[in-house]
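Undergrad: turn this into a model:
(2 chains)
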Protein chains: 2
Amino acid sequence: MDISDWRDKIDDLDRRLVALLNQRATAAVEVGRLKRAACLPIYEPEREKQVVANIQQSSKGPLAPRDLAQIYERIIDVMRSIQKNEIVPDAGNAEGHETEIDSQFED
Amino acid sequence: MDISDWRDKIDDLDRRLVALLNQRATAAVEVGRLKRAACLPIYEPEREKQVVANIQQSSKGPLAPRDLAQIYERIIDVMRSIQKNEIVPDAGNAEGHETEIDSQFED
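TA: Numbers count the residues shown, from 1 in each chain, chains lettered A, B, ... in the order given. Below is the predicted model:
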């Protein structure tokens, strides 16, 4: 395989990565909604640590556990941010406006 | 689906994400090797921009282009780092030791 072939492969992998990242975002938002509906604590640092431990255990390399932790640190940050900025029409407030949740959520 | 179901789904997505990230790392290292073998310039910022543009174009959401750029900024940083620290036994040097490449590479 030449450089162009490898780049085609990388582009294909990236399309699949993006599809999975979008599915993960949808799931993370759903978890946030269920937690709010059940009045459960949203931010659970232990779950965040478990997510990183899980991905490190499932990896067969060549990325090192540290590499994966670095990538997931950013993925989790972004997922928390989209939960944080989500508009929640059913949350209800005195003025009847949509409520923007500004506390921290994680999946 | 309850929270536990969504978390199982997230854990499954994470395993698939890790497998793809590892495949991407392998491909990025191969591109670095081919470039060195052909004495081609290693660092190509235009390719990096193209990678981000590609993933933004292929996305159907819900992640915004900005979210994806943030995640990929970290992925590209990590990929460059593993290329940078790669030991290259066939690079050759006066002492016959393995040579650690310390310039920046990208895929």
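Undergrad: ok, for the closest residue to chain B within chain A, nearest residue in space, not its chain neighbours?
TA: When scored by Cβ to the nearest Cβ, chain A has A:Arg74 as its residue closest to chain B, at 3.8 Å. To be clear about C-beta, it is placed using only N, CA and C from the backbone, and glycine gets the same treatment. Among residues not flanking A:Arg74 along the chain, B:Arg74 sits closest, at 3.8 Å (Cβ to Cβ, 6 or more residues apart in numbering or on different chains).
Undergrad: count residues in the vicinity of the residue of chain A closest to chain B, would you?
TA: 17 (other Cβ atoms under 10 Å in any protein chain shown).
Undergrad: report the contact partners of it.
TA: Neighbour list for A:Arg74: B:Gln70, B:Ile71, B:Glu73, B:Arg74, B:Ile75 [criterion: Cβ atoms under 8 Å, 6 or more residues apart in numbering or on different chains].
Undergrad: of those, which count as buried by neighbour count?
TA: By neighbour count, with 16 or more other Cβ atoms under 10 Å in any protein chain shown, the contacts of A:Arg74 hold B:Gln70, B:Ile71, B:Arg74, B:Ile75 as buried.
Undergrad: in helices only, show me the residues you listed.
TA: B:Gln70, B:Ile71, B:Arg74, B:Ile75 (DSSP state H).
Undergrad: pick the one among those residues closest to chain A.
TA: Nearest to chain A out of these is B:Arg74 (Cβ to the nearest Cβ; 3.8 Å).
Undergrad: from A:Gln70, how far off is that closest one?
TA: For B:Arg74, the distance to A:Gln70 (Cβ to Cβ, to the nearest Å) stands at 6 Å.
Undergrad: re earlier: tell me the pLDDT of the residue of chain A closest to chain B.
TA: Turning to A:Arg74, the model gives it a pLDDT of 97.
Undergrad: quick check: the gap between the residue nearest the centre of chain A and B:Ile10.
TA: Geometric centre of chain A, nearest residue: A:Met79, 3.5 Å, by Cα atoms, centre = their mean. Here the criterion is Cβ to Cβ. By it, A:Met79 lies 9 Å from B:Ile10.
Undergrad: same question, A:Arg16
TA: 17 Å.
Undergrad: what is the burial count for the spatially closest residue to A:Gln56 that is not a sequence neighbour?
TA: Excluding the flanking residues, the one nearest A:Gln56 by Cβ to Cβ, 6+ apart is A:Pro65, at 4.3 Å. A:Pro65 has 14 neighbouring residues, counting by other Cβ under 10 Å.
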